[in-house]
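J.: fold the following and give me the result.
(2 chains)
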Number of protein chains: 2
Amino acid sequence: MNEATPPQTVPTAPKLPPDLPAEIGHQHVRFPEGLALDCGAVVAPLDVAYRTYGRLNATRSNAVLVCHALTGDQYLAERHPITGKPGWWEAIVGPGKPIDTDRFFVICANVLGGCMGSTGPRSPMTDSTGETRPWGTDFPSITIRDMVRAQCKLVEHFGIARLLAVVGGSMGGMQVLEWAATYPDMVHAAAPIATASYHSAQNIAFDEVGRAAIHADPDWRGGRYWEEPGLVPAKGLSVARMIAHITYLSEEALARKFGRRLRGASALTFLEDVFEVESYLRHQGSTFVRRFDANAYLTITRAMDYFDLAEEHGGDLAAAFRGTRTRFFVASFSSDWLFPTSESRALVRALNAAAANVSFVEIASDKGHDAFLLHEPEFHAALGGFLRGAAERIGV
Amino acid sequence: MNEATPPQTVPTAPKLPPDLPAEIGHQHVRFPEGLALDCGAVVAPLDVAYRTYGRLNATRSNAVLVCHALTGDQYLAERHPITGKPGWWEAIVGPGKPIDTDRFFVICANVLGGCMGSTGPRSPMTDSTGETRPWGTDFPSITIRDMVRAQCKLVEHFGIARLLAVVGGSMGGMQVLEWAATYPDMVHAAAPIATASYHSAQNIAFDEVGRAAIHADPDWRGGRYWEEPGLVPAKGLSVARMIAHITYLSEEALARKFGRRLRGASALTFLEDVFEVESYLRHQGSTFVRRFDANAYLTITRAMDYFDLAEEHGGDLAAAFRGTRTRFFVASFSSDWLFPTSESRALVRALNAAAANVSFVEIASDKGHDAFLLHEPEFHAALGGFLRGAAERIGV
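T.: Coordinates of the predicted model:
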């Protein structure tokens, strides 16, 4: 692994419970000038936490930026420092894999608003009374474009003028689209996967209920749970996670995972056990509520819900890509009902209308939205082929 | 309205808060011998609360039983005694309407396990210590078949040997199927609408999360919220209702209802407001948490989740209907993703395999699962035609 900048230690936020991830010294860059946001506010300083894999070549032309999804983070191809589990995209990223770390310099940054070292609601701020405390719910409203601007500062920090590719699934795919629209000259190739150019009313509604569940948890305390050491709105965040979990799976995947096919009382009892808050927390080893900050969940889901690339371009999605020289690879999964193929097709139509270079594949899969994270050989072959072709095009 | 039996007053459960519906004297019949349940327990006495519309003819051959859905009740064609809103099926039931009360004697009973006068978790019981208190979470586990058995006692109480028709949508449709399978000689015609012969893994999972949200509300108090006058787990029940609410609507209906098409911050703020627990409670006038008992919600959703008609017949759905002389009318709605058309088709295939008389229609609608409750002229014409035909067949 190539560590392009020396790791720095993130200052520990005051009043945080001792077992929370902010204690971990996530590798990061600090930008003291901060970042001007779409909402008009400036967040300063700005920390961008990241991991890199592979080596940046002499011409700095082999960088692939991977954008993570809602509850993902920068640990995509290594053991997670909190959960101890394998990286979330080890199926895709590594030596000889579709995103080949023998060939590419892979960068993944924790999103702005996140809770794994990048500036977000758990980061410290000094309020008008001079008190230093976590941002909490005072963290400004952010957009997908703000996330991408923060990543851009990191990319420029590496001295990279143009990314070989930007790749991501789900909310990561929204960032890919925003990268291609906002910094077209910095993106040679773009792979938005299992995503859409806007969040549907249904997806927003599910997010709203997840947020309502967090707000309804008395331990959320109006967002000030950090005032009590060790307190987190674990039940509310778990219910939010459970709702989201269902939307990530197809009927087939749910049945397979929770044994509906086996039916009868015992199968139901198992499912019940899995979805019961207490046992869900046990089942997940409490890792989600430990590794993920509830206020970050509120902030990031809201950014997803606001996302509408067409609206940013006068209601015309094609206008977002007019004149682009970026090569696009759009992929969807047949059983994904959170980001259905129809939304990828609408994106492809807009790219065609913008005369962009675009290839599209719908992968036959019964795994639902989660398929983009899982063993899907056809998808891996298609993505790997696209990236090799894009690299050869510019002699990488 | 023909009141076939004089209204009786339901005894008030002790310790219930004064504004709760159990105070209302729902018209009902009491069966002192109670009901033996699938789980082996006996619930005694058994109250079955109901409403009737139209007149029972001299040969008692014109009775149509309507089965209500999860959060429905017996007030299908009149102003609701708690909410003051129109009955939930006034589009369908009334003089000259598809279920024509000028011609048919319409019966609708509150389901076993419900909270509108039929025996359920809010009904009083005397425990082993001699204390009289609501059943609460000690109410036995019930099935859709148990609900149907309770309705059967009511039908027999009216001296009706054979129903002209049994009609219902969603969980009401599950009851229709169970009626046709359990009491084939008592059902001349059956109309299961927007339903399925089993609950899918996805539907079970959504129910599980709804139940988890109720359990996570500290005001649920392990199911003993009735110990504190006026206390109900309003936030948990609201979150459960919000989750369910999303599954009842299509993307189109959600966008129409909550203005996604209008987009931008103001639209999102509106949606947010609607789905925020506090404002949701305001928006719904708190009527749902007032009219619906959280423990009843737990009990009834569980009965839905256990439902699997094939499993009750050796894994063969056709076996549930073998030799039936009942005429079936199956209807689904194209944008219903909770009970998709594919599940109605599977039911129709089984009925065909059982050599049953069955007609099937998929109604083109963008209203989602809720379509069965709404203005859908094609559906109304088809259902009305089926019932008229079935009535003429036996000279009603």
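J.: just give the closest residue to residue A:383, not the sequence neighbours.
T.: Nearest residue to residue A:383 in three dimensions, chain neighbours excluded: residue A:98, at 4.7 Å (C-beta to C-beta, 6 or more residues apart in numbering or on different chains). (Glycine included, C-beta is placed from N, CA and C.)
J.: ditto for residue A:225
T.: residue A:231 (4.8 Å).
J.: how about the residues of the stretch 101-250 of chain A near chain B?
T.: For the stretch 101-250 of chain A, the residues in contact with chain B (C-beta under 8 Å from any C-beta of the partner chain) are A:198, A:200-202, A:204-206, A:208-209, A:211-213, A:215-218, A:235-236, A:238-239, A:242-243, A:246, A:249.
J.: got a quick PyMOL command for the buried subset of those residues?
T.: Typed into PyMOL, the next command selects the buried ones out of those (criterion: 16 or more other C-beta atoms under 10 Å in any protein chain shown):
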select buried, chain A and resi 198+200+201+202+204+205+206+208+209+211+212+213+215+216+217+235+236+238+239+242+243+246+249
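J.: tell me which of the residues of the stretch 101-250 of chain A next to chain B fall in helices.
T.: A:201-202, A:204-206, A:208-209, A:211-213, A:215-216, A:235-236, A:238-239, A:242-243, A:246 (DSSP state H).
J.: ok, which stretches of chain A are strands?
T.: For chain A, the strands defined by DSSP state E occupy A:28-31, A:35-36, A:42-43, A:46-53, A:63-67, A:93-94, A:99-100, A:105-109, A:124-126, A:132-134, A:163-169, A:187-193, A:327-333, A:357-363.
J.: need the ones you listed in CSV (columns: mean pLDDT).
T.: Listed next are these as CSV, based on pLDDT from 0 to 100:
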stretch, mean pLDDT
strand A:28-31, 97
strand A:35-36, 98
strand A:42-43, 96
strand A:46-53, 98
strand A:63-67, 98
strand A:93-94, 98
strand A:99-100, 98
strand A:105-109, 98
strand A:124-126, 92
strand A:132-134, 93
strand A:163-169, 98
strand A:187-193, 98
strand A:327-333, 98
strand A:357-363, 98
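J.: find the residue at the geometric middle of chain A.
T.: When C-alpha atoms, centre = their mean is applied to chain A, the residue found nearest the centroid is residue A:69 (2.2 Å).
J.: was I right to think that residue contacts residue A:175?
T.: No: under the criterion of C-beta atoms under 8 Å, residue A:69 makes no contact with residue A:175, lying 9.4 Å away.
J.: per-domain residue ranges of chain A.
T.: Following the assignment in automatic domain parsing, chain A carries domains at A:21-199+A:308-393, A:202-304.
J.: residue B:307 is nearest to which of the ones you listed?
T.: Closest approach to residue B:307 among the domains of chain A (C-beta to C-beta): domain A:202-304, 10.6 Å.
J.: gap between that closest one and the chain center?
T.: What separates the centre of domain A:202-304 from the centre of its chain is 17 Å, taken as C-alpha atoms, centre = their mean, to the nearest Å.
J.: regarding it, how distant is the last residue from the first?
T.: By C-alpha to C-alpha, to the nearest Å, the extent of domain A:202-304 from end to end equals 13 Å.
J.: give me the contacts around stretch A:362-370.
T.: Residues from elsewhere that reach stretch A:362-370 (C-beta atoms under 8 Å, 6 or more residues apart in numbering or on different chains): A:170, A:194, A:247-250, A:252-254, A:331-339, A:341, A:344, A:371, A:374, A:376, A:378-379, A:382.
J.: any quick ChimeraX command for the buried ones out of those residues?
T.: The ChimeraX selection below is limited to those of the contacts of stretch A:362-370 classed as buried (16+ other C-beta under 10 Å):
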select /A:170,194,247,248,249,250,252,253,254,331,332,333,335,336,337,338,339,341,344,371,376,379,382
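J.: okay, and which of the contacts of stretch A:362-370 map to helices?
T.: Judged by DSSP H, helices contain the following of the contacts of stretch A:362-370: A:247, A:248, A:252, A:253, A:254, A:341, A:344, A:378, A:379, A:382.
J.: what's the closest of those to chain B?
T.: Set against chain B, the nearest of the ones in helices among the contacts of stretch A:362-370 by C-beta to the nearest C-beta is residue A:254 (4.0 Å).
J.: looking at it, that closest one is touching residue B:199, isn't it?
T.: No: contact between residue A:254 and residue B:199 fails when scored by C-beta under 8 Å: they sit 11.8 Å apart.
J.: residue A:67 bridge partners, please.
T.: residue A:168 (DSSP bridges).
J.: touching, it and residue A:154? I think so.
T.: No: using C-beta under 8 Å, residue A:67 makes no contact with residue A:154, being 11.7 Å away.
J.: which of those two has more neighbours?
T.: residue A:67 (30 against 23; other C-beta atoms under 10 Å in any protein chain shown).
J.: so where is chain A shaky, pLDDT-wise?
T.: A:1-24, A:258-286 (pLDDT under 70).
J.: picking that back up, what count of nearby residues applies to the residue nearest to residue A:383?
T.: Number of residues near residue A:98 (other C-beta under 10 Å) recorded here: 21.
J.: likewise for the one 3 residues further on?
T.: Burial measure for residue A:101: 20 neighbouring residues, criterion other C-beta under 10 Å.
J.: next one: the one 5 residues further on
T.: The criterion is other C-beta under 10 Å. On that basis, residue A:106 has 29 neighbouring residues.
J.: residue A:382 versus that one, what's the distance?
T.: 18 Å (C-beta to C-beta, to the nearest Å).
J.: please apply the same query to residue A:289.
T.: Residue A:289 is 36 Å from residue A:382, by C-beta to C-beta.
J.: and whatever residue of the stretch 1-150 of chain A ends up closest to chain B, what is it in contact with?
T.: Residue of the stretch 1-150 of chain A nearest chain B, by C-beta to the nearest C-beta: residue A:141 (8.8 Å). Residues near residue A:141 by C-beta under 8 Å, 6+ apart: A:37, A:39, A:299, A:302, A:303, A:306.
J.: of the residues you listed, list those near chain B.
T.: residue A:306.
J.: possible to save the contacts of residue A:141 as JSON lines with distance to residue A:364 and neighbour count?
T.: Formatted as JSON lines, these follow (distance: C-beta to C-beta, whole Å; neighbours: other C-beta atoms under 10 Å in any protein chain shown):
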{"residue": "A:37", "distance to residue A:364": "40", "neighbour count": "18"}
{"residue": "A:39", "distance to residue A:364": "41", "neighbour count": "13"}
{"residue": "A:299", "distance to residue A:364": "35", "neighbour count": "23"}
{"residue": "A:302", "distance to residue A:364": "33", "neighbour count": "20"}
{"residue": "A:303", "distance to residue A:364": "31", "neighbour count": "24"}
{"residue": "A:306", "distance to residue A:364": "32", "neighbour count": "22"}
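J.: quick check: the two most widely separated of the contacts of residue A:141?
T.: For the contacts of residue A:141, and using C-beta to C-beta, no pair is farther apart than A:37 and A:302, which are 12.8 Å apart.
J.: please enumerate the shared neighbours of these two.
T.: Common neighbours of residue A:37 and residue A:302 (C-beta under 8 Å, 6+ apart) are A:141, A:142.
J.: okay, and the common contacts of residue A:69 and residue A:175?
T.: Common neighbours of residue A:69 and residue A:175 (C-beta under 8 Å, 6+ apart) are residue A:168.
J.: next, count neighbours for the residue nearest to residue A:307 when sequence neighbours are not counted.
T.: Spatial nearest neighbour of residue A:307, excluding adjacent residues (C-beta to C-beta, 6+ apart): residue A:144 at 4.7 Å. As a burial measure, residue A:144 scores 28 neighbours (other C-beta under 10 Å).
J.: residue A:144: what's it in contact with?
T.: A:171, A:174, A:175, A:178, A:303, A:304, A:306, A:307 are the contacts of residue A:144 under C-beta under 8 Å, 6+ apart.
J.: between the residues you listed, which is closest to chain B?
T.: Using C-beta to the nearest C-beta, residue A:306 comes nearest to chain B of those, at 6.3 Å.
J.: quick check: that closest one touching residue A:143?
T.: Yes: the criterion here is C-beta under 8 Å, and residue A:306 meets it with residue A:143 at 5.7 Å.
J.: on that earlier part again, in JSON lines, list the strands of chain A along with distance to residue B:43.
T.: Listed next are these as JSON lines, based on distance: least, C-beta to C-beta, whole Å:
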{"stretch": "strand A:28-31", "distance to residue B:43": "62"}
{"stretch": "strand A:35-36", "distance to residue B:43": "63"}
{"stretch": "strand A:42-43", "distance to residue B:43": "60"}
{"stretch": "strand A:46-53", "distance to residue B:43": "58"}
{"stretch": "strand A:63-67", "distance to residue B:43": "56"}
{"stretch": "strand A:93-94", "distance to residue B:43": "58"}
{"stretch": "strand A:99-100", "distance to residue B:43": "61"}
{"stretch": "strand A:105-109", "distance to residue B:43": "58"}
{"stretch": "strand A:124-126", "distance to residue B:43": "58"}
{"stretch": "strand A:132-134", "distance to residue B:43": "52"}
{"stretch": "strand A:163-169", "distance to residue B:43": "51"}
{"stretch": "strand A:187-193", "distance to residue B:43": "53"}
{"stretch": "strand A:327-333", "distance to residue B:43": "47"}
{"stretch": "strand A:357-363", "distance to residue B:43": "51"}
